[in-house]
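Chemist: Build me a model from this:
(one chain, ligands or ions: 1)
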Amino acid sequence: MATVLVHFAAAAATDRGRKRPSNEDAFGFSVEHGVYVVCDGMGGAAAGEIASSLAVDEVLQRLESRAASQAPLAQAAEQAVNAANAAIYSRAERNYQLNGMGTTLVGLLVEERRVLVFNVGDSRCYRLRKNRMEQITLDHSLVEEQVRMGRMTRAEALRSPMRNVITRALGTQCCVTPDLFELEADPGDLFLLCSDGLTRELADPLIESMLMLELPLDDLCSRLVQAAKKAGGHDNITCVLVRAEG
Ligand code: CA
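Modeler: Predicted structure coming up:
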């Protein structure tokens with residue numbers, strides 16, 4: 001069988017939304033190095049912004065310079081996540097005003113057709129393949145864990161006053177373990193990385209139908225963000241789209 005070569009294209013958009021005074025989400029990517037990250041920060045004052053941007057910078061920098069080490073993707077991602085965790089944790093320890101700051105993280109690390117998805121918290125990765133969207137990551141949130149254990153329905157989870165409680169974050173503890181998902185990209189696959197400001201406002205079938213529109217990635221990103229704002233924009237909204245092209 002002939003080897004299928006894929007290359008990747010990406011675009012991103014972020015917006016403060018309509019209710020929050022600042023944007024604590026952060027994103028970054030390098031198509032050249034095959035690294036894509038979205039983070040959603042939390043903490044008082046400017047702490048959330050600091051945590052999310054520290055995480056994006058640290059993970060990008062670590063993974064962009066990984067070629068020399070030839071480490072397997074999973075190992076490289078885990079090390080980068082741990083470095084980001086340590087950077088946030090030690091920064092918070094040095095400054096009591098930043099105490100308790102943290103961030104979610106969802107990332108893609110791509111090498112040829114191999115795609116590693118990694119996450120901590122409730123920012124998500126979805127894949128659209130042949131007009132079907134699938135959520136790749138599992139939220140590290142209290143309500144999602146209750147749903148998975150059959151103790152709560154999805155509808156109850158959406159209304160629960162506990163829906164903001166996340167069970168794993170970067171920077172709040174000395175160590176963190178990301179979930180890892182190893183996939184193989186097919187030409188045409190479209191990956192969406194996003195913060196919960198998108199997924200709380202827009203139901204999955206709507207996101208799926210928007211991802212099927214044949215538009216440039218930049219336009220798709222801004223349409224997603226605008227739709228989430230129109231639906232309420234209660235939180236910061238961020239999305240990164242990564243398309244595998246044949
Ligand atoms: Ca958020």
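Chemist: Strands of this structure, residue ranges please.
Modeler: 7-15, 25-30, 35-42, 102-103, 105-111, 114-120, 124-129, 132-135, 179-184, 190-194, 237-245 (DSSP state E).
Chemist: okay, these in a markdown table with mean pLDDT next?
Modeler: Output for the strands of the chain, formatted as a markdown table (pLDDT from 0 to 100):
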| stretch | mean pLDDT |
| --- | --- |
| strand 7-15 | 97 |
| strand 25-30 | 98 |
| strand 35-42 | 97 |
| strand 102-103 | 96 |
| strand 105-111 | 97 |
| strand 114-120 | 97 |
| strand 124-129 | 98 |
| strand 132-135 | 98 |
| strand 179-184 | 97 |
| strand 190-194 | 98 |
| strand 237-245 | 97 |
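Chemist: deepest of the ones you listed, which one?
Modeler: Of the strands of the chain, the one with the most neighbours on average (mean count of other CB atoms under 10 Å) is strand 102-103, at a mean of 31. Where C-beta positions appear, they are placed from N, C-alpha and C, glycine not excepted.
Chemist: bridging residues for C125?
Modeler: For C125, the beta-bridge partners are L193 (DSSP bridges).
Chemist: wait, doesn't it sit right on L108?
Modeler: Yes. Between C125 and L108 there is a contact under CB atoms under 8 Å: 6.9 Å.
Chemist: between those two, what contacts are shared?
Modeler: Counting by CB atoms under 8 Å, 6 or more residues apart in numbering, the contacts common to C125 and L108 are V117, F191, L193.
Chemist: I'd like the distance from the first one to V240, if you could.
Modeler: Spatial separation of V117 from V240 under the definition CB to CB, to the nearest Å is 12 Å.
Chemist: centroid residue for this structure?
Modeler: Nearest to the mean C-alpha position of the chain, counting by CA atoms, centre = their mean, stands V106 at 3.0 Å.
Chemist: so that one touches L116, yeah?
Modeler: No. Judged on CB under 8 Å, V106 makes no contact with L116 at a distance of 11.7 Å.
Chemist: The ion: which of the strands of the chain is closest?
Modeler: Evaluated with CB to the ion, the strands of the chain place strand 35-42 nearest to the ion, the distance being 4.3 Å.
Chemist: Averaged over its residues, which helix or strand of this protein has the lowest pLDDT?
Modeler: Here the helix or strand of the chain ranked lowest by mean pLDDT, DSSP states H and E is helix 154-159, holding a mean of 89.
Chemist: For this protein, which residues are neighbours of the ion?
Modeler: Taking CB under 5 Å from the ion as the criterion, the chain approaches the ion at residues D40, S195, D196, G197, D235.
Chemist: Those in helices, which ones?
Modeler: Under the assignment DSSP state H, these contribute D196, G197 to helices.
Chemist: Please report which of the residues of the chain next to the ion has the highest neighbour count.
Modeler: Most neighbours among those, by other CB atoms under 10 Å: S195, with 32 neighbours.
Chemist: Isn't that one up against T238?
Modeler: Yes. Using CB under 8 Å, S195 makes contact with T238 at a distance of 4.5 Å.
Chemist: rewinding a little: so the residue nearest to the centre of the chain bridges to which residues?
Modeler: Taking DSSP bridges, one obtains V38, N119 as the residues bridged to V106.
Chemist: so who does it touch?
Modeler: 37-39, 117-121, 123-125, 137, 193-194.
Chemist: could you point out the longest helix in the chain?
Modeler: Max-length helix for the chain by DSSP H is helix 73-94.
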